[in-house]
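Q: how does the following fold in three dimensions:
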Amino acid sequence: MLQSIWEDIRKEFSYGNMVNRIIIVNVSVFIFITLFWLILRITNGWDFPTATYNSILHFFLISSDWWHNLTHPWVFITSMFMHEDFFHILWNMLFLYWFGRIVGDFIGDHRVLPIYLLGGLAGNIAFFILIALIRGSSGPPSFALGASGAVMAIAVASAVLAPNYIIRLLLIGDVRLKYVVMVLLVLDLFFISRDDNTGGHFAHLGGALMGWIFVLRLRNGQDLSEPVNRILIAIRSFLKSPLPKMSGRKKSPKVAYRNPVKTATGGKSAHQAKGSRPAEAGGNSLSYQEQLDAILDKIKQSGYDSLTKEEKEFLFNASKD
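A: Residues are numbered from 1 along each chain as shown. As a prediction, the model looks like this:
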């Protein structure tokens, strides 16, 4: 059973939409934190070692202390994927699922993660600045965690994109999206006025502001998801690429192939020059290597989908040689 569940999760993370992938990451981190908490209690005779737990957890959380954030710059990202309370992650993931699917349907799945990251980053910055202004340097530092700022960015983005979108709420019925998001924002203001989790609700409002700005800039022709996706692609490429070999001379790439076409009489190779093949049907006089280079250049400039059927077939045959 566990193997089947793991295969389903792996397939969903590999081929599912971005909303589901973000949910999988958040839930996985939550399970890891819960297991870590349980292991600490078991190994300490059920007495919870608060100092040890907090020191490790705070390593990944944003703080109101500027020195902590300066020496732990990753906390601006890692804190938006961490939850301790079950209902905290439950509501965040439900809101992410509801609103994230709307955003993905209207402006594309490739913009969901950038909005999430930008919203979470804006929420964390809002938490740090506003808590520092309110409390100053007095008292112990505060720490924040959770995806609420990122989720609020997606919620507000969905309401700006489709304010009259109808969603059905349990016990209430059909409600327009703009009113649902408006209630969430009013609740944040209410809890701030009651001094109830003030820093967390400041983060919500910071993320909400980023969601509104994202859609506004997108309508004006500026896609804020493009630089974020470029950074993500660069990180993914860096992690996948092997370490370069240390050598004093850079060698040019070479293409090797086998199974040359032989003549019917002498058994000799029909292509006499190294790196060349008979011209393709249609009178193409380019050598094999020149055709391959031209196709690779075309992929680099216009993508694989721009290739003709013949070019795709040529590339497929070249990969088998």
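
Q: now for residue 97: which residues touch it?
A: 19, 23 (C-beta atoms under 8 Å, 6 or more residues apart in numbering). In this view, the C-beta of every residue, glycine as well, is placed from N, C-alpha and C.

Q: for it, pull up the helix or strand it's in.
A: Residue 97 belongs to helix 86-107 when assigned by DSSP states H and E.

Q: in what helix or strand does the residue nearest the centre of the chain lie?
A: By C-alpha atoms, centre = their mean, the chain has its centre lying nearest to residue 113, at 4.5 Å. Assessed by DSSP H and E, residue 113 sits inside helix 112-135.

Q: any idea how far residue 92 is from the closest residue to residue 101 other than its chain neighbours?
A: Closest residue to residue 101 apart from its sequence neighbours, by C-beta to C-beta, 6 or more residues apart in numbering: residue 19 at 5.9 Å. For residue 19, the distance to residue 92 equals 12 Å [C-beta to C-beta, to the nearest Å].

Q: again with residue 116
A: 11 Å.

Q: the more surrounded of those two?
A: Shown here are residue 116 and residue 92; by other C-beta atoms under 10 Å, residue 116 has more neighbours (28 against 22).

Q: for the protein, which spans come out with low pLDDT?
A: Across the chain, the ranges flagged by pLDDT under 70 are 136-138, 241-286, 300, 303-305, 316, 318-321.

Q: just the helices in the protein please.
A: Per DSSP state H, the chain carries helices over the ranges 2-15, 18-43, 50-57, 66-71, 75-78, 86-107, 112-135, 148-161, 177-193, 198-219, 225-240, 288-302, 309-320.

Q: of these, which approaches residue 167 most closely?
A: helix 177-193 (5.9 Å; C-beta to C-beta).

Q: re the thing from before, most tightly packed of the helices of the chain?
A: Comparing these by mean neighbour count (mean count of other C-beta atoms under 10 Å), helix 148-161 ranks first with a mean of 29.

Q: which residue packs closest to the residue nearest to the centre of the chain, ignoring adjacent ones?
A: Per C-beta to C-beta, 6+ apart, closest to residue 113 is residue 18, 5.2 Å.

Q: is that neighbour in contact with residue 108, as I believe?
A: No. With contact defined as C-beta atoms under 8 Å, residue 18 does not count as touching residue 108 (9.5 Å).

Q: one step back: if I pick the residue nearest to residue 101, what's in contact with it?
A: Here residue 19 is in contact with 96, 97, 100, 101, 104, 109, 112 (criterion: C-beta under 8 Å, 6+ apart).

Q: now swap in residue 95 and tell me
A: With C-beta under 8 Å, 6+ apart, residue 95 has these contacts: 151, 154, 155.

Q: shouldn't the residue nearest to the centre of the chain be in contact with residue 231?
A: No. The criterion here is C-beta under 8 Å, and residue 113 misses it with residue 231 at 11.1 Å.
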